[in-house]
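Trainee: Sharing a model that was predicted from the sequence below.
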Amino acid sequence: MAQGMRSGTVSIALAATVLVHVGIAWWLLTLRQTSPARESDALTVTWIERPVPVLPPPLSPPVSVPATTDPATPSSARAPRSSALQAVELATQSIDDEVSLPTASALLEQAGEWARQQAPAADFSRDPLQHRPPPAADGRFAMRDPVSVEDVVIAVGKLFGGGPSDPCPRIRRNIANLGTGGDAELTAEEIRRLQQYCL
């Protein structure tokens with residue numbers, strides 16, 4: 001009877017597994033058939049052209065001063081004025097030629113050079129024998145006390161079932177435990193020991 005129930009259970013589980021796999025395969029095939037329709041919904045990328053920078057209008061050629069027949073204006077007064085205009089034009093042209101904005105890659109290169117000059121090269125190799133200086137008295141502090149001989153002896157004693165020779169922590173722990181409803185006689189004895197050894 002048990003053998004028949006076991007084979008029936010196995011056949012049901014096998015049939016359920018086959019049905020689940022057939023269902024998953026059918027679902028995947030339907031997804032594959034509908035995928036070409038989704039290609040039309042694909043995201044299209046439109047490139048936007050960078051705007052052309054607006055350049056200042058070119059400088060007009062210097063206006064020549066008409067020659068006058070007035071004998072009161074000497075020709076020497078007109079000559080320095082035209083040379084001054086020419087000097088101004090040359091200065092503005094040289095400024096326009098010199099003012100060229102650096103590119104982002106050039107700025108990144110300059111920043112990298114500056115950073116390399118500021119900081120020394122980092123050495124990440126581990127040296128376990130390197131001597132480390134003690135903490136300075138500038139506000140920094142060590143996170144734990146250095147290990148003393150007494151700490152080592154206490155740690156070895158704890159390995160073999162011993163503990164610190166100071167009975168005060170044990171006496172205080174006993175008083176705290178007895179104070180919650182323990183024997184009054186034992187509490188009095190622990191208080192006497194506390195006064196004798198710890199105070």
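Mentor: Noted; the coordinates are in hand.
Trainee: any idea which helix is longest in the chain?
Mentor: helix 2-38 (DSSP state H).
Trainee: after the lowest-mean-pLDDT helix or strand in the chain comes which helix or strand?
Mentor: Between all helices and strands in the chain, the lowest mean by mean pLDDT, DSSP states H and E belongs to helix 75-98, at a mean of 59. Following helix 75-98 in sequence order, the next helix or strand is helix 104-118 (DSSP states H and E).
Trainee: which stretches of the chain have low pLDDT?
Mentor: 1-5, 34-41, 58-85, 87-88, 90-100, 120-123, 133-142, 163-164 (pLDDT under 70).
Trainee: If we use 90, what do you get?
Mentor: 1-9, 30-107, 110-191, 193-194, 196-199 (pLDDT under 90).
Trainee: Tell me, how many residues neighbour residue 174?
Mentor: Neighbour count of residue 174, defined by other CB atoms under 10 Å: 19. Bear in mind the C-beta positions are built from the backbone N, C-alpha and C, glycine included.
Trainee: Now it: closest residue in space, sequence neighbours ignored.
Mentor: Using CB to CB, 6 or more residues apart in numbering and skipping the chain neighbours, the partner closest in space to residue 174 is residue 190 (4.9 Å).
Trainee: Report the buried residues of the strand or helix carrying that neighbour.
Mentor: Of the helices and strands defined by DSSP H and E, residue 190 is found in helix 184-193. Neighbour counts using 16 or more other CB atoms under 10 Å place 190, 193 of helix 184-193 among the buried residues.
Trainee: quick revisit: which elements pack onto the longest helix of the chain?
Mentor: The contact analysis (3 or more CB pairs under 8 Å, 6 or more residues apart in numbering; DSSP states H and E) places helix 2-38 against no helix or strand.
Trainee: List the buried residues in that helix.
Mentor: In helix 2-38, counting by 16+ other CB under 10 Å, buried: nothing.
Trainee: quick one on the thing from earlier: and the residue nearest to residue 174, how far is that from residue 199?
Mentor: 13 Å (CB to CB, to the nearest Å).
Trainee: Perfect, that will be all.
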